[in-house]
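Engineer: Predicted model and sequence follow; I will ask about them next.
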Amino acid sequence: MRYVPPADVAEALRVQEELRSRVDLVGPGPTAPATVAGLDVAYAESGDRLAAAVTVLDAATLAVVDEAVSVGRPAFGYVPGLFAFRELPALLAALDRLAVRPDLLVCDGHGLAHPRRFGLACHLGLVTGLPTIGVGKTPLVGAWTEPGPRRGDWSPLREGDEVVGRVLRTRDGVRPVFVSVGHRMSLDNAADRVLALTPRYRLPETTRTADRLCRRALAGAAA
DNA sequence: GCGACAG
DNA sequence: ATCTTGTCGC
């Protein structure tokens, strides 16, 4: 099955509008998944080439049990709010090459914490049918108060009256990450899963392994 | 009208 | 995302 990227911004907005209603924001999703996958993309300095990687980890040991990469070109310009269209094709290609179907996807970008409540994590969840959560390193939308200084401390990420995510401290004294629901997950469960993936570093182990893999793939791929 | 703006 | 020097700390 092939993915056809939108021709322009107007079409991308229409696609988001059409898909957003199908997202499952309740879940609650798996509380004890056997495997969890991380996805990330690295770009060549020229910006015309990219590598997408997926790593599947044993949720208990955090050991990598499967991985796949896909090298290609960005499918869309970088437009905040339409970010998913850029990386989705390559990410889906990498997912297709997996031998193991993971129980949960951890995306490097927001889910519900998006201007139209349909970030990369939502889009990826809807397309794959898998539970997904979004973990952003920097905010895209919303307001929050600084969470406490210890691992596990958090504060709600709000936009107007709605809670669109959670500002979560994954390690003592380090900058928090921005967790939001992607698809088929509750926010509470999403935050718990992120904490389970951060026994040592700020970012989830899934994101870290995927990041290393796509960088390696980009460096090793022929121009 | 002027900034801000996931990766 | 990627480009970048040094610096602080284990």
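Structural biologist: That came through fine.

Engineer: centroid residue for chain A?
Structural biologist: A:Cys107 (1.3 Å; C-alpha atoms, centre = their mean).

Engineer: A:Ala121 is in contact with that one, correct?
Structural biologist: Yes: applying C-beta atoms under 8 Å, one finds A:Cys107 in contact with A:Ala121, separated by 4.1 Å. Any C-beta I mention is one placed from the backbone N, CA and C, and that applies to glycine too.

Engineer: where do the contact lists of those two overlap?
Structural biologist: Taking C-beta atoms under 8 Å, 6 or more residues apart in numbering as the criterion, A:Cys107 and A:Ala121 both touch A:Thr132, A:Ile133, A:Gly134, A:Gly182.

Engineer: For the first one, report the pLDDT, please.
Structural biologist: To tie it back to what came earlier, the one meant is A:Thr132. Looking at A:Thr132, its pLDDT reads 98.

Engineer: quick one: contacts for A:Lys137?
Structural biologist: A:Asp108, A:Val177, A:Phe178, A:Leu203.

Engineer: For DNA strand B, see how far away the third one is.
Structural biologist: Spelled out, it's A:Phe178. For A:Phe178, the distance to DNA strand B (C-beta to the nearest atom of the strand, to the nearest Å) stands at 8 Å.

Engineer: May I see the buried residues of stretch A:163-182?
Structural biologist: For stretch A:163-182, the neighbour count (16 or more other C-beta atoms under 10 Å) marks A:163-171, A:176-182 as buried.

Engineer: ugh, typo on my part, it should be stretch A:204-213
Structural biologist: Quick answer for stretch A:204-213 (16+ other C-beta under 10 Å): A:Pro204, A:Glu205, A:Thr206, A:Thr207, A:Arg208, A:Thr209, A:Ala210, A:Asp211, A:Leu213.

Engineer: close to DNA strand C, is the helix or strand harbouring A:Leu126?
Structural biologist: Using DSSP states H and E, A:Leu126 maps to helix A:120-128. No: figure legend: helix A:120-128 not in contact with DNA strand C (C-beta under 7 Å from any atom of the strand); closest approach 12.0 Å.

Engineer: next one: stretch A:22-40
Structural biologist: No: judged by C-beta under 7 Å from any atom of the strand, stretch A:22-40 and DNA strand C are separated, with a smallest distance of 7.9 Å.

Engineer: Show the end-to-end separation of that stretch, please.
Structural biologist: End-to-end span of stretch A:22-40 (C-alpha to C-alpha, to the nearest Å): 24 Å.
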